[in-house]
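[1] sequence and predicted structure are below.
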Amino acid sequence: MAKIITENAEKRFVVCVHNNPDPDALSSGLGMMRILNFYGIHTDKIYYSGEISHPQNRAMQVALNLPVKQWNDTIEKELAAEQDDCVFIYLDVCGPEQKNMSIPFQPTVVIDHHKSIPKDREVLFIHDEIGACATLVVDLILNMPPIREEESMFYCFDHEADGMRELCTALAIGIKTDTVDFVNETSSDYDYKAYKIVTNFMLTDKFHKIVNYELPPYIFEYERVAWENKKFNAPNFISGLGFIDDSRSDCIPHIADKMMRLQGVQTVVIYAIVDDRIRASVRSTSASYDCEELVASIFGIGNGGAKQGIGGAAVSLGLFEDVACSDDSCEDRQKLWDLVKSQIEKKFTKVVSK
């Protein structure tokens with residue numbers, strides 16, 4: 001990694017994470033920024049294409065003032081024009097061929113902990129099938145070659161450096177959430193050792209604020225809607241929330257997480273119409289089917305994805321988007337909702353009854 005940085009020091013380094021970054025992706029991106037900045041590379045943004053929607057992810061973004069930037073056409077055109085002078089680093093995702101990565105440029109470096117392997121053999125692939133990508137980033141930071149200035153040695157992992165306590169806090173959250181408190185089947189001693197290191201230097205107050213994130217009142221309103229609209233036939237739970245404003249769409253993943261805690265539940269699908277799309281969060285611990293296959297079966301191939309039992313989908317309403325986005329005809333909107341609800345529940349029932 002140090003060799004790539006030094007050999008390309010005159011180029012622009014672009015740090016990218018997957019479409020809907022979770023704490024593992026966000027903290028990994030922040031860790032990579034530390035490495036680059038340590039070697040004198042100016043990088044001040046973590047790019048993502050999608051949304052930071054889960055309440056905990058938003059709480060982390062705010063509490064740690066994360067330098068994230070949502071991808072857009074202007075950025076894409078700018079980078080396309082200078083692509084040969086860019087080094088793209090992808091974290092917690094392998095490349096644009098994956099369903100949860102919409103940034104179209106081929107990476108120079110990939111740091112990931114999933115099973116997927118980049119097709120381009122020119123890519124530097126830093127990989128291990130462990131619980132969190134953040135663990136790999138901790139290891140990188142600890143082992144980057146130091147910099148000598150006169151008679152002093154400076155190390156990348158320096159807990160007294162500016163921003164390092166915030167970084168350690170982010171990495172601790174990333175490892176904790178992606179390993180599901182170290183009970184996920186991919187969790188390893190490697191993850192736990194990295195977690196112990198960063199928790200020694202984290203900001204405890206901010207860590208607990210993120211772990212115990214605050215919930216806006218509308219979350220509880222939609223929890224009631226989800227319970228009233230549920231179809232629950234253990235071990236499967238599905239519920240539609242109706243039409244939701246985009247500013248409140250973070251309730252969808254939150255409710256999916258909460259309903260997974262219901263006694264006897266193994267699979268949850270929570271969905272709603274948000275602006276011109278159907279948005280859904282899917283959770284499953286069932287051994288009967290893969291969560292990614294479940295998402296594809298219900299919402300269509302290419303409209304979502306999943307990892308380790310956690311999935312999501314966004315499906316364009318196409319010709320019906322004018323109905324979804326208009327308040328002019330309550331009757332038409334109700335018909336659209338009834339159609340969406342019927343189709344999703346029918347597909348869900350078909351999959352889980354196999």
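    It's in.
[2] for the lengthiest helix in the chain, packing partners?
    Counting by DSSP state H, the longest helix found in the chain is helix 330-352. Judged by 3 or more C-beta pairs under 8 Å, 6 or more residues apart in numbering; DSSP states H and E, helix 330-352 is in contact with strand 236-244, strand 267-274, strand 277-284, helix 291-299, helix 321-324. Glycine gets a C-beta too; all of them are placed from N, C-alpha and C.
[3] which parts of that helix are buried?
    333, 336-337, 340-341, 344-345, 347-348, 351-352 (16 or more other C-beta atoms under 10 Å).
[4] want to throw the residues you listed into CSV with pLDDT?
    Output for the buried residues of helix 330-352, formatted as CSV (pLDDT from 0 to 100):
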residue, pLDDT
333, 88
336, 92
337, 94
340, 95
341, 96
344, 96
345, 96
347, 95
348, 95
351, 90
352, 88
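[5] now the helices for the stretch 151-300 of the chain?
    164-178, 189-199, 204-211, 217-228, 251-259, 291-299 (DSSP state H, counting those that start in this stretch).
[6] pick the most buried one from the ones you listed.
    helix 164-178 (a mean of 26; mean count of other C-beta atoms under 10 Å).
[7] return the distance of stretch 95-103 from the chain's centre.
    Stretch 95-103 sits 12 Å away from the centroid of its parent chain (C-alpha atoms, centre = their mean, to the nearest Å).
[8] same check on stretch 20-38?
    Going by C-alpha atoms, centre = their mean, where stretch 20-38 is centred and where its chain is centred differ by 12 Å.
[9] average model confidence for it?
    Mean per-residue pLDDT for stretch 20-38: 97.
[10] buried residues in that stretch?
    Applying 16+ other C-beta under 10 Å to stretch 20-38 flags 20-38 as buried.
[11] show me the shaky parts of the protein.
    117-121, 327-329 (pLDDT under 70).
[12] which parts of the stretch 51-200 of the chain are strands?
    Assigned by DSSP state E, counting those that start in this stretch, the stretch 51-200 of the chain shows strands spanning 68-70, 86-91, 109-112, 124-127, 147-149, 152-154.
[13] so residue 31 touches residue 137, yeah?
    Yes. If you go by C-beta atoms under 8 Å, residue 31 and residue 137 touch, sitting 3.7 Å apart.
[14] intersection of neighbour lists for these two?
    The contact sets of residue 31 and residue 137 overlap at residue 171 (C-beta atoms under 8 Å, 6 or more residues apart in numbering).
[15] coming back round to it: show me the one of the helices and strands packed on helix 330-352 that comes nearest residue 315.
    Nearest to residue 315 among these is strand 277-284 (4.3 Å), distances taken as C-beta to C-beta.
[16] just checking: what are the partner strands of the closest one?
    Sheet pairing here is set by DSSP bridges, and for strand 277-284 it gives strand 267-274 (antiparallel), strand 310-316 (antiparallel).
[17] residue contacts, residue 19?
    Applying C-beta under 8 Å, 6+ apart, we find residue 19 in contact with 48-51, 100-102.
[18] got it, and residue 49?
    19, 70-71, 101-103.
[19] let's see that with 7 Å instead.
    Applying C-beta atoms under 7 Å, 6 or more residues apart in numbering, we find residue 49 in contact with 19, 71, 102-103.
[20] give me phi/psi at it?
    Per-residue torsions, residue 49: phi -120, psi 100 (degrees, to the nearest 10).
[21] with distance to residue 93 added, can I get the helices and strands packed on helix 330-352 in CSV?
    Converted to CSV, the helices and strands packed on helix 330-352 look like this (distance: least, C-beta to C-beta, whole Å):
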stretch, distance to residue 93
strand 236-244, 27
strand 267-274, 23
strand 277-284, 18
helix 291-299, 14
helix 321-324, 28
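[22] got CSV for the helices of the stretch 151-300 of the chain, with distance to residue 241 too?
    Formatted as CSV, the helices of the stretch 151-300 of the chain follow (distance: least, C-beta to C-beta, whole Å):
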stretch, distance to residue 241
helix 164-178, 24
helix 189-199, 34
helix 204-211, 25
helix 217-228, 5
helix 251-259, 7
helix 291-299, 16
